[in-house]
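okay, here's the prediction I keep looking at, along with the sequence it came from:
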Amino acid sequence: MATSGPSAIYIHVPFCPSICPYCAFHVVVYRAQLVDRYLAALEQEIAHYQGVYPDLVVETVFFGGGTPSMLRTEPLARIMSQLRHWRWPENVEVSLEANPVTISLETARELRQMGITRLSLGVQSFSDTVLRFLGRQHDAATARQAFQCFRDAGLVMSLDLMSAVPGQDIDTDLRAALELEPDHISVYTLTPEERTPFANLKIDPDAEAYAFLRTNTLLPQAGYEHYEVSNFARPGRCCRHNLAYWENRLWLGLGPAAAGHLAGQRRINYRLRQYLAAWEESRQWYDDIPLTPQDRLKESMIMGLRLREGVDLERVQQFSGLDPRQVYQREIANLVAAELVELVGKRLRLTERGLWVANRVAQEFV
C-alpha cells in the first residue's frame, strides 16, 4: 500500500569519463577520491530520508548522471542494499544510465544480479563521424557490443539518440537503432546550451524538422508507441520512472544537484563540492522552493502535455486545488482554435500539429 510520500527515487551520479561539448548537466570528470566522498555522503542522505519516510514503498529508482555505470559494481550493490531498507515490491523498476565505454558482459550480469532491471544506453549516433563531433569516447561498434552485453544479461534496453546533429543522416541512425530491437528509444534534438562549447552552434531548422518527421514516422511503423514527445516504447515498456515527472507526482532527488518534488516544495541539492562539504560538516545540503497552488498547476500542465495521452485535468485540479479549465480558459480556447491541442474527455492533449511546436504550447501556461 502506497504512502503519502514519494515513491520514485532519482539518484544523481555526476561522474563522467570526459565532458561532452553539448552537456549542460552537473557533471565532473571521474576522480576516485571524489567518488569515495560522494558515496559516503549519498549513504547518509539515503539514511536521512529513511528516517523521514520509514514506510515508503519504492516503485521506481533511476540512477542518472553523469555516467552511473562508471561506479564500480560493489558500491552500486551497496546503494541498492541500503535502498531495500524501504519497502521493495517485486515489480520495482530500477534504471541505470550507461556509457558504452564502461561496459562488459561481466559488469552487465553483475548489474542484473544486484537488481538493476532497465538500462538506458547513451549511444547518441551510429556514425563514427558524428560521435567524434559530439565528443563521445565510443564508436558505433562499441555501442553495439555494449547493447548486446546488456541484452544477453536480460535487462530491459533503452537507447538514447540525438537528432539534428550537423552531418548526421537521421534515417541511418534510426534504422541502425531499430536493427538492435531495443525495448525503448529516446530521441532528443541537439540543443545548444549556454556555458557549453556548443553554445554558439547553429542548428539547421530544416534538418531538425526532417529528423522530427522521420523519427515520428519510422519508430511507430516499427511498432513503437510514441508515448511522450521524445520517447517511444514497445507495448508495456514505457519508462515508469519518467512518468512520475511527466505526471508531476512526488519523488526524491538524491545526490549533488538532484531536484526532488516533495509535498508543497521543490527541493534542490547543492552541487558536488558544496554537497560533500555540507554532509561532512553536518549541515543542510539543499535549498527548498515553496510551490504555490499556481506553481503546482503550471508545472502539471507543462509536464503533462508532453505525454501523448495528454494531461488529466481532473487529477491536476485535485493536486493543485485549482481548476485548469477556469484558470487557463482563454489559453486552452486559443490553442484548441489553432488546432494545437484537443480536449478528449477529461484530458487535454497535443494534436499532431501541436507536437511540432510542443515548447511553444507549453509557454502558453507559463
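Thanks, I have the structure now.

so which helix or strand takes in Asp288?
strand 286-290 (DSSP states H and E).

please save the CA atoms from the following helix or strand past that strand in PDB.
Per DSSP H and E, the first helix or strand lying C-terminal to strand 286-290 is helix 293-304. The C-alpha trace of helix 293-304 is given here as PDB (Å, rounded to 0.1, in the frame of the first residue of the first chain):
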ATOM      1  CA  PRO A 293      -1.100  26.200  -5.900                       C
ATOM      2  CA  GLN A 294      -0.400  28.200  -9.100                       C
ATOM      3  CA  ASP A 295       3.100  26.600  -9.300                       C
ATOM      4  CA  ARG A 296       1.600  23.100  -9.000                       C
ATOM      5  CA  LEU A 297      -1.000  23.900 -11.600                       C
ATOM      6  CA  LYS A 298       1.500  25.400 -14.100                       C
ATOM      7  CA  GLU A 299       4.000  22.500 -13.700                       C
ATOM      8  CA  SER A 300       1.300  19.900 -14.100                       C
ATOM      9  CA  MET A 301       0.100  21.400 -17.300                       C
ATOM     10  CA  ILE A 302       3.600  21.900 -18.800                       C
ATOM     11  CA  MET A 303       4.800  18.400 -18.000                       C
ATOM     12  CA  GLY A 304       1.600  16.500 -18.600                       C
END
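
distance from the helix or strand that helix 293-304 is followed by to the middle of the chain?
Note on helix 293-304: by DSSP H and E, the next helix or strand toward the C-terminus is strand 311-312. In terms of Cα atoms, centre = their mean, to the nearest Å, the centre of strand 311-312 is set 20 Å apart from its chain centre.

strand 311-312 pairs with which strands?
strand 347-350 (antiparallel) (DSSP bridges).

what residues sit buried inside the partner strand?
347-350 (16 or more other Cβ atoms under 10 Å). Where C-beta positions appear, they are placed from N, C-alpha and C, glycine not excepted.

now those residues as a markdown table including pLDDT?
As requested, these are exported to a markdown table (pLDDT from 0 to 100):
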| residue | pLDDT |
| --- | --- |
| Arg347 | 96 |
| Leu348 | 97 |
| Arg349 | 97 |
| Leu350 | 97 |
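
so is the closest residue to Glu299 other than its chain neighbours in a helix, a strand, or just coil?
Setting aside the residues directly before and after it, Glu299 is nearest to Asn248 in space (Cβ to Cβ, 6 or more residues apart in numbering), at 5.5 Å. Judged by DSSP: H, G, I helix; E, B strand; the rest coil, the three-state class of Asn248 is coil.

of all the buried residues of strand 347-350, which two lie farthest apart?
Arg347 and Leu350 (10.7 Å; Cβ to Cβ).

which residues do the two both contact?
Counting by Cβ atoms under 8 Å, 6 or more residues apart in numbering, the contacts common to Arg347 and Leu350 are Gly310.

please name the residues that touch Leu250.
5-8, 244, 261-263.

tell me the confidence at it?
You'll see Leu250 listed with a pLDDT of 95.

helix or strand for the spatially most central residue of the chain, which one?
Centroid-nearest residue in the chain, with Cα atoms, centre = their mean: Asn242, separated by 5.8 Å. Assigned by DSSP H and E, Asn242 belongs to helix 240-246.
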